[in-house]
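[1] Just a sequence and a predicted model for now, questions to come.
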Amino acid sequence: MTKLVGILVIIMMLGLGGGYVNRVVCLNDEGPQLAVRGYLDAMQQERFEDAYQFITTNMTDAKPVDKWAETQRHMYKIGKVVINDIDVRNAQRELTNPFMCAPVAKVPNVLHASDVLNNQGSVEFEVYTVSKVDGAWKIDSQETLFDEQVIHEWFPGATIPTFQGTLPSEE
């Protein structure tokens, strides 16, 4: 009887240890961050077909790769979009139970970009929702943050640039 109890205790300890290791591994999984980095690098270099592999059908409006890439190429051209700097931060994941991470992560990013309406460039604080789809991390949505309090929650100590130009007159 004591042997059985000893074996059960060892099995429980191994299970708890394995669960702890799984939790540490999944909380330190770089997959969500790498998906955002891959997507933004491809978008920065205007390799839209490559960017497509990092996003879900939600982000593509269910368009096939060639149609989606064509739309992006057109938008970049007419908008004179230029991505200057990317600062992808560590992913944040919830736990589904004490030992398992959720198959969804939030990835913050600071983006420096310019376009036809803002040729001086701007700083955007973004949060990407990344999901595990068929074993691969893919971006499911992107949110640009505007509320200063929310920005500081995601980017503690961030310096939020203030508008330096002049607004057009309302004549």
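    Done, it's in. Residues are numbered from 1 along each chain as shown.

[2] list the contacts for the closest residue to H152 other than its chain neighbours?
    Computed as C-beta to C-beta, 6 or more residues apart in numbering, the closest residue to H152 that is not its neighbour in sequence is A158, at 6.5 Å. Any C-beta I mention is one placed from the backbone N, CA and C, and that applies to glycine too. Neighbour list for A158: V110, F125, I151, H152 [criterion: C-beta atoms under 8 Å, 6 or more residues apart in numbering].

[3] now the residues you listed: which count as buried?
    Taking 16 or more other C-beta atoms under 10 Å as the criterion, what is buried in the contacts of A158 is V110, F125, I151.

[4] all helices in this structure, in order from the N-terminus.
    In the chain, the helices defined using DSSP state H lie at 2-27, 31-44, 48-52, 57-60, 65-79, 148-154.

[5] need the ones you listed in CSV with mean pLDDT, can you?
    Listed next are the helices of the chain as CSV, based on pLDDT from 0 to 100:
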stretch, mean pLDDT
helix 2-27, 61
helix 31-44, 97
helix 48-52, 98
helix 57-60, 95
helix 65-79, 97
helix 148-154, 94
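
[6] mind putting those helices in JSON lines, distance to L117 included?
    Output for those, formatted as JSON lines (distance: least, C-beta to C-beta, whole Å):
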{"stretch": "helix 2-27", "distance to L117": "40"}
{"stretch": "helix 31-44", "distance to L117": "18"}
{"stretch": "helix 48-52", "distance to L117": "21"}
{"stretch": "helix 57-60", "distance to L117": "23"}
{"stretch": "helix 65-79", "distance to L117": "8"}
{"stretch": "helix 148-154", "distance to L117": "21"}
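
[7] Out of those helices, the one nearest S141 is which?
    Across the helices of the chain, S141 has its closest neighbour in helix 57-60 (6.5 Å, C-beta to C-beta).

[8] Of all the residues in the closest one, which ones are buried?
    In terms of neighbour count (16+ other C-beta under 10 Å), helix 57-60 has its buried residues at M59, T60.

[9] Just the residues contacting it, thanks.
    Y52, W68, I139, D140, S141, Q142.

[10] same thing but at 7 Å, please
    For helix 57-60, contacts defined as C-beta atoms under 7 Å, 6 or more residues apart in numbering pick out Y52, W68, I139, D140, S141.

[11] Just give me how far it sits from the chain centre.
    Distance of helix 57-60 from the chain centroid (C-alpha atoms, centre = their mean, to the nearest Å) equals 14 Å.

[12] same check, this time on stretch 106-117
    Put simply, stretch 106-117 sits 12 Å off its chain's centre (C-alpha atoms, centre = their mean).

[13] Show me which parts of it are buried, residue by residue.
    Residues of stretch 106-117 classed as buried: K106, V107, P108, N109, V110, L111, A113, S114, D115 (neighbour count, 16+ other C-beta under 10 Å).
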